[in-house]
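Chemist: What follows is a predicted protein model with its sequence.
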Amino acid sequence: MLWQPPLPEKYTAMTSDQLEQAIRARKAELGDQLIILGHHYQQDQVVQFADFTGDSFKLSQLAAEAVTARGSKYVIFAGVHFMAESADILTPEDVAVILPDLSAGCSMADMADYDDTTDAWQQIHDTLAAHGQADSVRVIPICYMNSTAAIKSFCGEHGGAVCTSSNCDRIFRWALAGGDEPLKPGQSVKILFLPDQHLGRNTAAALGYDVTTDMSTWDPKAAAGLGGLDEEDIIRSTFLLWKGHCSVHKLFRPEHVDQMRAQWPDVTVIVHPECAHEVVQKADISGSTEKIIQSIRNAEPGTKWAVGTEVHLVNRLANEARARGVEVTMLSGCQCLCTTMYRIDMPHLLWTMDNLAAGKVVNQIKVHPHVRHWSLKSLQRMLDVTANPKWAAATETAAAR
């Protein structure tokens, strides 16, 4: 996590109304010079100022389009660090991407350290070589969008790609077929998936792979070598899943589904695939943030929905759906919020905007040119695969009750 200096006292002393008025005034003053991006998980007090709302990659794409169309110079990302990195990668180099609070990181992204990843890569290949499989098995690294630019770059440089929760199945199909280089006779593929073990496990299971025999979890912090695995685990596994998780979606448990069904027997349970496999198995539907949003917006009046994802998004969906006679509630009563994103607040937002108005850029997120190059390569592979109908035989990750 990066360190964020304390704000000047004047920002913390302002009331919510004063902050809101000042932010709106600064936004009007900066005009088209500035674009504000608000992630779906952001608190309402902040997201109200966003020019665009969405998930992390969609917002970065929108920013890249908008800065060109408007001639904007600045992008403020009301999200977390890896999201601001993605925006910097996709926007022109002369555009400054700003994170209002540098301590707004992502615990999942931080679980995949670059040095740990290179160590794992070497150990996996050494194991394959020791078993005479150096030429017959190809390892392809795939990383979730919720990873650092360094990990995206690693994947790009080693023949892999980035994925999102909505296209992970297509990226897996592409990788299992050899990625950019078709497999030779007798060759097979192993996927090293970072950093979220749950998205990897749920997606691979939906593609028909066995969670016990075809997958192993690589723990970079294990005291024993090989990520806590035996050589036999590495040899037999098609998927090596990095031991990482989302601190929000990890909070949902199988008993929450059981409790909700006891309360609302006719409920539809929809969860994000970052939830544990046991939760996804019990749910009716598993899908990306966009799928969750569209499912609720398309829901028939009179239906009841329990949603397993971040609380700010669920509350907004519930308020929106109530007018249509659709009941929406959190799957769990626990406080399932993204605490690091919550660090982006109105005082930090105003502070960054005041500095911009004075001609000073603070908290700029800048990706190194080498990392930017290979990150773009991994992102472009994702876009190419997603656009190719060859990999679009989509599987619905819907679980029967």
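Modeler: All right, it came through fine. Numbering: from 1, shown residues only.

Chemist: Look at Phe172 and tell me its secondary structure.
Modeler: helix (DSSP: H, G, I helix; E, B strand; the rest coil).

Chemist: and it, what does it touch?
Modeler: Ile142, Cys163, Ile191, Thr203, Ala204, Leu207 (Cβ atoms under 8 Å, 6 or more residues apart in numbering). In short, each C-beta sits where N, CA and C put it, glycine included.

Chemist: if we go to 10 Å?
Modeler: Going by Cβ atoms under 10 Å, 6 or more residues apart in numbering, Phe172 touches 140, 142, 161, 163, 189, 191, 193, 200, 203-204, 206-207, 209, 238-239, 385, 391, 395.

Chemist: Give the buried subset of these as a ChimeraX selection command.
Modeler: Burial among those is assessed by 16 or more other Cβ atoms under 10 Å; the matching ChimeraX selection reads:
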select :140,142,161,163,189,191,193,200,203,204,206,207,209,238,239,385,391
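
Chemist: Show me the contacts of Phe172 that map onto strands.
Modeler: Using DSSP state E, the members of the contacts of Phe172 that fall within strands are Ile140, Ile142, Ala161, Cys163, Val189, Ile191, Phe193, Phe239.

Chemist: Pick the one among the residues you listed closest to Ser378.
Modeler: Relative to Ser378, the closest of those is Ala161; by Cβ to Cβ it sits at 5.1 Å.

Chemist: For the closest one, give its distance to Ile191.
Modeler: Here Ala161 is placed at a distance of 10 Å from Ile191 (Cβ to Cβ, to the nearest Å).

Chemist: Overlap of the contact sets of the two?
Modeler: Ile140, Pro141, Ile142, Ile171, Phe172, Ala175, Gly179.

Chemist: what's the burial count for the last one?
Modeler: Neighbour count of Gly179, defined by other Cβ atoms under 10 Å: 22.

Chemist: what sits against it?
Modeler: By Cβ under 10 Å, 6+ apart, the neighbours of Gly179 are 138, 140-142, 158-161, 171, 189, 191, 381, 385.

Chemist: ok, of these, which one's closest to Val371?
Modeler: Nearest member of the contacts of Gly179 to Val371, counting by Cβ to Cβ, is His158, at 13.6 Å.

Chemist: and that closest one, how many residues sit next to it?
Modeler: Quick note: His158 (other Cβ under 10 Å) scores 17 neighbours.

Chemist: Compute the distance between it and Pro389, please.
Modeler: For His158, the distance to Pro389 - Cβ to Cβ - is 26 Å.

Chemist: what do you get for Tyr74?
Modeler: Tyr74 is 38 Å from Pro389, by Cβ to Cβ.

Chemist: Could you do His249 as well?
Modeler: With Cβ to Cβ as the criterion, His249 and Pro389 are 30 Å apart.

Chemist: Looking at those two, which is more packed in?
Modeler: Each of His249 and Pro389 has its neighbours counted (other Cβ under 10 Å); His249 has more, 22 against 6.

Chemist: who's in contact with the more buried one?
Modeler: Here His249 is in contact with 108, 196, 198-199, 271-276, 279, 308-310, 336 (criterion: Cβ under 10 Å, 6+ apart).

Chemist: mind listing what the spatially most central residue of the chain touches?
Modeler: Closest residue to the average C-alpha location of the chain: Asn146 at 3.4 Å, with Cα atoms, centre = their mean. Contacts of Asn146 were listed using Cβ under 10 Å, 6+ apart, and they are 55-57, 80, 82-83, 86, 106-109, 111-112, 162, 164-165, 194-196, 199, 244, 246, 274.

Chemist: Recalculate using a threshold of 6 Å.
Modeler: Counting by Cβ atoms under 6 Å, 6 or more residues apart in numbering, Asn146 touches Met108, Ala109.

Chemist: Using the three-state scheme, assign it.
Modeler: With three-state DSSP as the criterion, Asn146 reads coil.

Chemist: Quick check: phi and psi at it.
Modeler: phi -80, psi 60 (degrees, to the nearest 10).

Chemist: Could you check how far it is from His39?
Modeler: In terms of Cβ to Cβ, Asn146 sits 11 Å off from His39.

Chemist: give me the low-pLDDT residue ranges for the chain?
Modeler: Along the chain, segments meeting pLDDT under 70 span 1, 335, 393-401.

Chemist: Mark out where each domain of it begins and ends.
Modeler: 9-105+340-366, 111-247+375-391, 249-330 (automatic domain parsing).
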